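Participant: The following block contains a protein sequence and its predicted model.
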Amino acid sequence: QFQLVDSGGGRVQPGGTLRLSCGTSGFSLAKYAVAWFRQAPGKEREGVLCVARNGWQNSADFVKGRFIISRDDAENTVSLEMNYLEPGDTGVYYCAADSVYVGTCPIETSARYNYWGQGTQVTVSS
């Protein structure tokens with residue numbers, strides 16, 4: 001059964017950095033588009049960044065170049081490096097994957113992905 005495991009969340013001060021990781025076992029993430037979504041309390045889940053199977057990337061406007069998504073095929077992981085974090089970045093972050101997206105990947109809605117991690121909490125606070 002294809003399962004995603006996301007990790008790396010924690011508490012950080014504004015301006016700090018966190019690195020999240022999404023992994024799986026028994027399947028190659030290189031054959032999937034992978035996206036990161038987040039959900040703040042009382043808000044809908046929103047897309048952050050995604051990377052398609054061919055490496056093409058899509059990001060939300062609020063990322064503003066602060067976040068970097070990258071694949072490590074040797075480790076079978078996809079990472080989300082988040083820099084210059086702001087209190088508004090607080091929420092539960094989820095990785096998601098789907099094998100259908102080769103040259104592009106969507107972040108407009110979470111409904112476009114079939115596989116999800118359990119989520120990892122990110123708190124940005126002084």
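Facilitator: In hand now; what should we look at?

Participant: Can you measure across stretch 115-126, start residue to end residue?
Facilitator: Start and end residues of stretch 115-126 are separated by 34 Å (CA to CA, to the nearest Å).

Participant: Show me which residues of that stretch are buried.
Facilitator: 115, 116, 117, 119, 120, 122, 124 (16 or more other CB atoms under 10 Å). All C-beta spots, glycine's among them, are computed from the backbone N, C-alpha and C.

Participant: Give me the contacts around that stretch.
Facilitator: 2-14, 16, 18, 20, 22, 32, 38-39, 82, 85-98 (CB atoms under 8 Å, 6 or more residues apart in numbering).

Participant: Turn the buried ones among the residues you listed into a named ChimeraX selection, would you?
Facilitator: Buried residues among the contacts of stretch 115-126 (16+ other CB under 10 Å), as a ChimeraX selection:
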select :4,6,8,9,12,18,20,22,32,38,82,85,89,90,91,92,93,94,95,96,97,98
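
Participant: Residue 82 contacts residue 18, doesn't it?
Facilitator: Yes - the criterion here is CB atoms under 8 Å, and residue 82 meets it with residue 18 at 5.0 Å.

Participant: ok so, going back, show only the entries of the contacts of stretch 115-126 found in strands.
Facilitator: Among the contacts of stretch 115-126, the ones falling in strands (DSSP state E) are 5-7, 10-12, 18, 20, 22, 38-39, 82, 91-98.
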